[in-house]
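> Could you look at this predicted model? Sequence included:
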Amino acid sequence: MNKEKYYITTAIAYTSGKPHIGNSYEIVLADSIARFKRLTGYDVFFMTGTDEHGQKIQQKSKELGKSPQVFVDEIAQEIKSIWDLMNTSYDKFIRTTDKEHIETVQKIFKKLYEQGDIYKGEYEGWYCTPCESFFSESQLIEGKCPDCSREVKKAKEEAYFFRLSKYQDKLIAYIENNPEFIQPESRKNEMINNFLKPGLQDLCVSRTSFDWGIPVTFDDKHVIYVWIDALSNYITGLGYDPDGNHKELFKKYWPADVHLIGKDILRFHTIYWPIMLMALGVELPKQVFGHPWLLVGEGKMSKSKGNVLYADDLVSHFGVDAVRYYLLHEMPFAQDGTLTHELLIERINSDLANILGNLVNRTITMSQKYFDGKILAPVLKEAIDDELIQLALSTPDKVKDKMDKLRVSDAIDDIFTLLRRSNKYIDETTPWVLGKDESGKERLATVLYNLLESIRFSSVMLFPFMPETAESIFRQLNTSVKDWDSLKTFDGMKAGDTVGIGEILFARIDTEKKLKEIQESKEKVNNVNDDKNEKEYITIEDFDKIELKVGEILDCKKHPQADKLLVSSVKIGDEIRQIVSGVAAYYTPEEMKGKRVIVVANLKPIKLRGEESKGMILFADNGDRLEFVTTSAPNGSIVK
RNA sequence: UGCAGAAUGGCGUGGACUUGGUAACACACUUCCCUCAUAAGGAAGGAUAUGUCGGUUCAAAUCCGACUUCUGCAACCA
């Protein structure tokens, strides 16, 4: 059978730092759509990745003393691991430093140049000499450099430009004729009124002021500036070839069915990108969806406000599916949403623990209690059953409808309506009364069957949003009937089978306790990172700077003017040094004597309360005490 | 400053907004029912809700105008 194809992409993440929960929202949203499409019979290709070039990265890596490549390798890895942690099912993770991407982008650039859509010109901007950076008028802060606040001067640099104006009218026509193209619709007017109507300016597409980028093949002073590099990923990742020798993936999946992006970069995706494709003679994507932003409490997340939330922290406290649920269900369709720990806990308790978790739990328990887990055929039907069954049978179409419009939150609502109805059904049928004597057993079996099957329906539909939870429910039901088509009839659970073991899906959370816990773990992390500010890896080169040697404490005395300090004479090789250590609370001078220890030998000498200290003796902090880091290696050995 | 969008009960979200006429949903709250279940479930209920002012109209959340506040964008920020 020939499945219909579906190609979905997210924006590629910029590798300048760790993505926060707002960035993770996009991939989770895309994942739920991709999973849903797969479930409902589409041949899906889901691509995400990282955007790794640019001046910012070049600068940042330089500050850290790393090569840009090493730097982006690390960040890309971190991003990928967060995407994996969120249980996202991308088919390809593209990096703009991939060889294939680079080569194709170079070809695209050359092609556009040769056909006259790219031309050489001059870019005028504000230049900050110490930072070696160009800035636009709007970037300047009070007319000064936004990085160092120093004076900037007008300067020109040679650059290539892309003739956007040439395709302007064609693009307006396309947008007008394809109302689905820009979503949500409110954004469409923004684009047309703000940019297209006033007339497009040609776009600067190369830079000479930095070199961490894809070189222009025919003019090696230039690197290709972000737009052509980053946006092309959507086709280079499929194996697009400007010469026409496309790979199978491209032939099969292009054009994209939806580019899922943040509303902030909508302009690039609805103006620059379509024009690029027009210039290349490639079909345009069917839809660009600019999703809203996730805010933490009031206002945008920012490091300076200290309100940044990270996906991995949230997952460690609440679990993947709870976080996924919140992102997918609580985010409004077109308005910015908010996330706080309190709101998250509220949703987990009321929706996931009470309505979903409790329903599964009570049903499985009753199944065990009354029939030893055995599933019996529903033979004694009553009118009241129909309402539940009809709702179950009609829900899949409703969910599909909502998902076709990318109304993820509404789709989840429909599933929960079924779960609520199932809870109500229990009250209506009072299975615990039926279980009291033999005469009710047949009816009880039917009630339980209907419940189990309704739960199975819910679970099949929940899978794209909460994959782990759905799997856990399937295990508890002990069913392997998980496909969408099984929702056409209300008979997926098989009589004669036995349900699995009940487990708590989502435990109720004590808000105060949890918040305290989170606060504590946050403080812990802050303490660890206090000195470094940010948790960063050091490289082997950094480590090489530290000279560790084995030394022997020959003599030790109390510091004359400090209670906490001990002053030791340490023999390292042939050299004898004086080292001051803050361990008087744990060791007496006598205990120090004779110990063979590891010393940081090249630490800058310092005077501590008048006593010179040349180095540092290493101790291990076990929480309430400092332990010697000892060795049997000979005095003077180098530790590495 | 210009352009666009938004403003609803204690919090949050949606709907009708193009087709003027009962404002919904979940959470929280109150009462009742139930005890299979995760102090969970079900039912009923209350509530000072359509930012402010004015206009059109028999009738406005809905149309028009002004104002206030917030958000985004304002072209090369990746």
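That came through fine.
> State the mean pLDDT of the strand or helix carrying A:Ala30.
In this assignment (DSSP states H and E), A:Ala30 forms part of helix A:21-39. For helix A:21-39, the mean per-residue pLDDT is 90.
> For stretch A:486-496, buried residues please.
Neighbour-count burial for stretch A:486-496, with 16 or more other Cβ atoms under 10 Å as criterion, is recorded at A:Ser486, A:Leu487, A:Phe490, A:Gly492, A:Met493. Just so you know, the C-beta spots here come from the backbone N, C-alpha and C atoms, and that holds for glycine as well.
> next one: stretch A:497-517
A:Asp497, A:Val499, A:Gly500, A:Gly502, A:Leu505, A:Phe506, A:Ile509, A:Lys514, A:Leu515.
> one step back: wait, which of the buried residues of stretch A:486-496 is closest to RNA strand B?
The closest of those to RNA strand B turns out to be A:Met493 (Cβ to the nearest atom of the strand; 17.7 Å).
> Can you name the next helix or strand after the helix holding A:Ala30?
According to DSSP H and E, the helix or strand after helix A:21-39 is strand A:43-51.
> in that next one, what counts as buried?
Buried residues in strand A:43-51, counted by 16+ other Cβ under 10 Å: A:Val44, A:Phe45, A:Phe46, A:Met47, A:Thr48, A:Gly49, A:Thr50, A:Asp51.
> The helix holding A:Ala30 close to RNA strand B?
No - for helix A:21-39, no contact with RNA strand B is found by Cβ under 7 Å from any atom of the strand; the gap never falls below 8.0 Å.
> Run the chain-centre distance for that helix.
Averaging C-alpha positions (Cα atoms, centre = their mean, to the nearest Å) puts helix A:21-39 10 Å from its chain's average.
> returning to what we had before: kindly identify which of the buried residues of strand A:43-51 also come near RNA strand B.
Within those, those near RNA strand B by Cβ under 7 Å from any atom of the strand are A:Asp51.
> Nearest to A:Lys405 among the buried residues of strand A:43-51?
The nearest member of these to A:Lys405, counting by Cβ to Cβ, is A:Val44 at 17.7 Å.
> Give the bridge partners for the closest one, please.
A:Tyr6 (DSSP bridges).
> isn't A:Leu419 right up against A:Ser458?
Yes - counting by Cβ atoms under 8 Å, A:Leu419 does reach A:Ser458; the two are 5.5 Å apart.
> Now list whatever residues contact both of those two.
Counting by Cβ atoms under 8 Å, 6 or more residues apart in numbering, the contacts common to A:Leu419 and A:Ser458 are A:Leu356.
> how is chain A carved up into domains?
A:360-487, A:546-639 (automatic domain parsing).
> and of those, who's closest to RNA strand B?
With Cβ to the nearest atom of the strand as the measure, domain A:360-487 is the member of the domains of chain A nearest RNA strand B (3.3 Å).
> so where do the helices sit in the stretch 151-300 of chain A?
A:168-177, A:186-191, A:226-231, A:233-236, A:248-253, A:266-267, A:273-280 (DSSP state H, counting those that start in this stretch).
> Quick check: which ranges of chain A have low pLDDT?
Within chain A, the ranges that satisfy pLDDT under 70 run A:1, A:127-152, A:185-198, A:295-307, A:332-335, A:525-545, A:558-564, A:584-589, A:604-611, A:620-627.
> residue of it with the smallest distance to RNA strand B?
Closest point on chain A to RNA strand B, by Cβ to the nearest atom of the strand, is A:Gly357, at 1.8 Å.
> what residues are up against that residue?
Per Cβ under 8 Å, 6+ apart, neighbours of A:Gly357: A:Ile504, A:Leu505, A:Phe506, A:Ala507.
> same thing with A:Thr469?
Contacts of A:Thr469 (Cβ under 8 Å, 6+ apart): A:Asp321, A:Leu352, A:Leu356, A:Leu462, A:Leu505, A:Phe506.
> what ranges do the strands span in the stretch 451-600 of chain A?
Assigned by DSSP state E, counting those that start in this stretch, the strands in the stretch 451-600 of chain A fall at A:548-558, A:566-572, A:575-581, A:596-600.
> hang on, the earlier thing: for the domains of chain A, which one ends up most surrounded?
domain A:360-487 (a mean of 18; mean count of other Cβ atoms under 10 Å).
> and that domain, anywhere near RNA strand B?
Yes - under the criterion of Cβ under 7 Å from any atom of the strand, RNA strand B is reached by domain A:360-487 at A:360-362, A:365-366, A:369, A:409, A:420, A:423-424, A:426-428, A:430-433.
> Span of that domain from start to end?
Chord length of domain A:360-487, first to last residue, is 18 Å (Cα to Cα, to the nearest Å).
> related to what we said a few turns ago, now render the buried residues of stretch A:497-517 as TSV, adding distance to A:Ile21.
Output for those, formatted as TSV (distance: Cβ to Cβ, whole Å):
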residue	distance to A:Ile21
A:Asp497	40
A:Val499	36
A:Gly500	33
A:Gly502	32
A:Leu505	23
A:Phe506	19
A:Ile509	18
A:Lys514	17
A:Leu515	17
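> Mind putting those residues into JSON lines with distance to RNA strand B?
Shown next, in JSON lines, are those (distance: Cβ to the nearest atom of the strand, whole Å):
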{"residue": "A:Asp497", "distance to RNA strand B": "20"}
{"residue": "A:Val499", "distance to RNA strand B": "13"}
{"residue": "A:Gly500", "distance to RNA strand B": "15"}
{"residue": "A:Gly502", "distance to RNA strand B": "8"}
{"residue": "A:Leu505", "distance to RNA strand B": "4"}
{"residue": "A:Phe506", "distance to RNA strand B": "5"}
{"residue": "A:Ile509", "distance to RNA strand B": "9"}
{"residue": "A:Lys514", "distance to RNA strand B": "13"}
{"residue": "A:Leu515", "distance to RNA strand B": "16"}
